[in-house]
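here's a sequence, model it:
(chains A and B)
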Protein chains: 2
Amino acid sequence: MAEAIANPPVVERLAIIGLGLIGSSIARVARERGLARTVVAGDGSDAVRQRVSELGFADVVAPDLVSAVKDADLVILCVPVGAMGAVAAEIGPHLKPGSIVSDVGSVKGSVVAAVQPHLAAGVHFVPAHPVAGTEHSGPDAGFSELFINRWCILTPPEGQALEAVATVQAFWAGAGSNVEIMTPQHHDLVLAITSHVPHLIAYNIVGTAADLEEVTQSEVIKFSAGGFRDFTRIAASDPTMWRDIFLHNKEAVLEMLGRFNEDLAALQRMIRWGDGDGLFELFTRTRAIRRGIIQVGQETASPDFGRRGPAGDKPAQ
Amino acid sequence: MAEAIANPPVVERLAIIGLGLIGSSIARVARERGLARTVVAGDGSDAVRQRVSELGFADVVAPDLVSAVKDADLVILCVPVGAMGAVAAEIGPHLKPGSIVSDVGSVKGSVVAAVQPHLAAGVHFVPAHPVAGTEHSGPDAGFSELFINRWCILTPPEGQALEAVATVQAFWAGAGSNVEIMTPQHHDLVLAITSHVPHLIAYNIVGTAADLEEVTQSEVIKFSAGGFRDFTRIAASDPTMWRDIFLHNKEAVLEMLGRFNEDLAALQRMIRWGDGDGLFELFTRTRAIRRGIIQVGQETASPDFGRRGPAGDKPAQ
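You can find the predicted model right below:
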């Protein structure tokens, strides 16, 4: 894992607010690759601060958020989207002039609206979204390789100083990510279809299955290898984070969901009327997208990601 | 891989009709574990027969289906659900009295209806569905470990001789599977929710994403790690097989899809009206199902099935 260690570090003092899966992964990679000279951890929860001290991946565990951001050159907010505004309000007056505030929120439009008003004119703001994660949560769940070969999307406000953008870009490149820049609005549309609506329908079908009378929950669990199982993994992600995402990316999610519903109604009609050609055409077309994903290296072609073999298992028909 | 080799074999002469992913996996495991003394391959496609000869996992590659089933003690139909009736009509008159016919179809009610009329009174019929597979197709895609620790569901007609059921059960146990017996109707309901509807909505969202104007296809591919990617794998499964499944399990699929749609409408309404508590409640409840699946050994708890690390990747928010 010892890849290009930044020398000198990208920033001197890095403050991470919120040490969950993402925040603790950032701390670990910053430490491991020397992206910051000092890594400061700030978290509102006593239990999390305690655990971060035990795990030892931060140089400083600050007693409160205000002292966490004191003298920091880069502050990354890693709290749920719905908590960004309150955190920004708390730390805003204590940020060092010339420092950079960034975040990792999965929604960008509402985060920009919630955070920006609390930042003084001399503080730079470079919102970011590392498109990476697992279904696990908390400071124990993080790991330093989480961002390798993943995309990190930056959505700097128009007119943001280029050096601040370049610093955040260098930080994420140093963590192993590819960086892309777009507007908050476009980000929210792209993520609605590539992430938010997929999660919503995964949560939904797991809920539907849980509520059946004709098929028991233990049968659903037993025969889940037929495809359902993959949805349950997605539907095991952090509830607070996902509640906030849907509440804060409402418009784009409802727009994409409307299209999904239209298309599903058409599919349902094909099944009812026995339109085999229509089904076959769609099922063939969707294979092309899969090939594209494998080609750009965002997935391997191996069936079932190494589940193969006695201890693991397989998806199925 | 050298586990308990059956000695004596479960059947003397096994004929497999259709050497795709499942059929070729059955041939491989039967050979590897000595489940049959002689493995005969029958396939309507010249190209497949040719390839099976090259791969060498069958003792005999028959020139046509009628000679494939001659003298066979167990005939397993591994063709798409929509082709079962025609194959049964072709081989029916040539089956040995006392032999057993089975299949691997993902739908059972319609397969029973299509196959049964073509079998003479002295031929046993024990329909089966190994709940296992990958998104790959064809004789090269099969492997002998495919069925290990997976469920195989048998749906014998009422009054079917117990020995015939016991033989098929022993065969699948020998392949490494756990065997469960239920009615065809119940099977079709269980699979509709655990497999068929999940595949349908995966196909659907991949289709929706492919048709967007605001978000390009290359963006969808690039940022697919956010959750969408997992759906594309499911939506890359064999189009013919899945067309047939939806056409032949129409009633159960439409019933489960109706429930899915009702629940999704409720979720959509929660998002529109900002009902964070309702979202949180559902997102918490769905985690329990995931825990159940991990507990019964149908999945590992490791995030993302070993995609972790530089070459692989992760799901994300």
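
residues contacting the residue lying closest to residue A:239 once chain neighbours are set aside?
Using CB to CB, 6 or more residues apart in numbering or on different chains and skipping residues adjacent in sequence, the residue nearest residue A:239 is residue B:283, 3.6 Å away. (C-beta placed from N, C-alpha, C; glycine too.) Listed by CB atoms under 8 Å, 6 or more residues apart in numbering or on different chains, the contact partners of residue B:283 are A:203, A:235, A:237, A:239, A:242-243.

host element of residue B:283?
For residue B:283, the host element (DSSP states H and E) is helix B:276-295.

hmm, who's touching the helix or strand where residue A:259 lies?
According to DSSP H and E, residue A:259 maps onto helix A:250-273. With contact meaning CB under 8 Å, 6+ apart, helix A:250-273 is reached by A:188-189, A:191-193, A:196-197, A:200-201, A:246, A:275, A:278-279, A:282, B:200-201, B:203-205, B:207-208, B:211-212, B:246-247, B:250, B:253-254, B:257, B:261, B:264, B:268, B:271-272, B:274.

stretch A:220-236 vs chain B: in contact?
Yes - residues of stretch A:220-236 contacting chain B under CB under 8 Å from any CB of the partner chain: A:220-236.

out of those, name the ones that lie in helices.
A:220-222, A:228-234 (DSSP state H).

ok, which pair from these is furthest apart?
A:222 and A:234 (19.8 Å; CB to CB).

and the helix holding residue B:283, average pLDDT?
Mean per-residue pLDDT for helix B:276-295: 89.

now that helix: buried residues?
B:276, B:278-280, B:282-283, B:285-287, B:289-290, B:292-294 (16 or more other CB atoms under 10 Å in any protein chain shown).

may I have it exported as PDB, CA atoms only?
Only the C-alpha atoms of helix B:276-295 are listed here, as PDB (Å, rounded to 0.1, in the frame of the first residue of the first chain):
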ATOM      1  CA  GLY B 276     -37.900  11.900   7.400                       C
ATOM      2  CA  ASP B 277     -39.200   9.700  10.200                       C
ATOM      3  CA  GLY B 278     -41.000   7.400   7.800                       C
ATOM      4  CA  LEU B 279     -37.900   7.100   5.600                       C
ATOM      5  CA  PHE B 280     -35.700   6.400   8.600                       C
ATOM      6  CA  GLU B 281     -38.100   3.700   9.900                       C
ATOM      7  CA  LEU B 282     -38.000   1.800   6.600                       C
ATOM      8  CA  PHE B 283     -34.200   2.200   6.200                       C
ATOM      9  CA  THR B 284     -33.700   0.700   9.700                       C
ATOM     10  CA  ARG B 285     -36.100  -2.100   9.200                       C
ATOM     11  CA  THR B 286     -34.400  -3.300   6.000                       C
ATOM     12  CA  ARG B 287     -31.100  -3.800   7.800                       C
ATOM     13  CA  ALA B 288     -32.600  -6.700   9.800                       C
ATOM     14  CA  ILE B 289     -33.200  -8.700   6.600                       C
ATOM     15  CA  ARG B 290     -29.600  -8.300   5.700                       C
ATOM     16  CA  ARG B 291     -28.500  -9.600   9.000                       C
ATOM     17  CA  GLY B 292     -30.700 -12.600   8.600                       C
ATOM     18  CA  ILE B 293     -29.100 -13.400   5.200                       C
ATOM     19  CA  ILE B 294     -25.700 -13.200   6.700                       C
ATOM     20  CA  GLN B 295     -26.600 -15.400   9.600                       C
END
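
now do the strands in the stretch 101-250 of chain A.
A:124-125, A:128-130, A:151-154, A:178-181 (DSSP state E, counting those that start in this stretch).

burial of the residue in the stretch 201-317 of chain A that chain B sits nearest to, as a residue count?
At 2.9 Å from chain B, residue A:226 is the closest residue in the stretch 201-317 of chain A, using CB to the nearest CB. Residue A:226 has 27 neighbouring residues, counting by other CB atoms under 10 Å in any protein chain shown.

do the same with the one 10 residues further on
Each residue near residue A:236 was counted by other CB under 10 Å, and the total is 26.

got phi/psi on it?
phi -110, psi 10 (degrees, to the nearest 10).

hang on, residue A:19 packs against residue A:54?
No - the criterion here is CB atoms under 8 Å, and residue A:19 misses it with residue A:54 at 11.7 Å.

who has more neighbours, these two?
residue A:19 (28 against 11).

and the more buried one, what does it touch?
Contacts of residue A:19 (CB under 8 Å, 6+ apart): A:27, A:41, A:43, A:48-49, A:51-52, A:58, A:78, A:139, A:142.

just the residues you listed now: which is nearest residue B:90?
Closest to residue B:90, out of all of the contacts of residue A:19 and judged by CB to CB, is residue A:142, at 58.8 Å.

count of neighbours near the closest one?
Using other CB under 10 Å: residue A:142 sits among 24 other residues.

that one contacts residue A:30, correct?
No - counting by CB under 8 Å, residue A:142 sits too far from residue A:30 to count as a contact (11.4 Å).

and the residue nearest to residue A:233 when sequence neighbours are not counted, how far is that from residue A:239?
Nearest residue to residue A:233, sequence neighbours excluded (CB to CB, 6+ apart): residue A:135, at 5.5 Å. Look at residue A:135 and residue A:239: by CB to CB, to the nearest Å, they are 11 Å apart.

same question, residue A:210
Per CB to CB, residue A:210 is found 15 Å from residue A:239.

which one's more surrounded, those two?
residue A:239 (21 against 16).

go ahead and confirm the more buried one touches residue B:284.
Yes - the criterion here is CB under 8 Å, and residue A:239 meets it with residue B:284 at 4.8 Å.

tell me the domain boundaries of chain A?
A:11-182, A:186-306 (automatic domain parsing).

which one of those domains has the poorest average confidence?
When I compare the domains of chain A, domain A:186-306 is least confident, with a mean of 89.

and that domain, how far from the chain's centre?
Relative to its chain's centre, domain A:186-306 lies at 17 Å (CA atoms, centre = their mean, to the nearest Å).

and what of stretch A:124-133?
9 Å.

swap in stretch A:48-67?
22 Å.

for that stretch, measure first residue to last.
16 Å (CA to CA, to the nearest Å).

sorry, back to before: save the domains of chain A as JSON lines, and put in distance to residue B:164 too.
Shown next, in JSON lines, are the domains of chain A (distance: least, CB to CB, whole Å):
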{"stretch": "domain A:11-182", "distance to residue B:164": "44"}
{"stretch": "domain A:186-306", "distance to residue B:164": "24"}
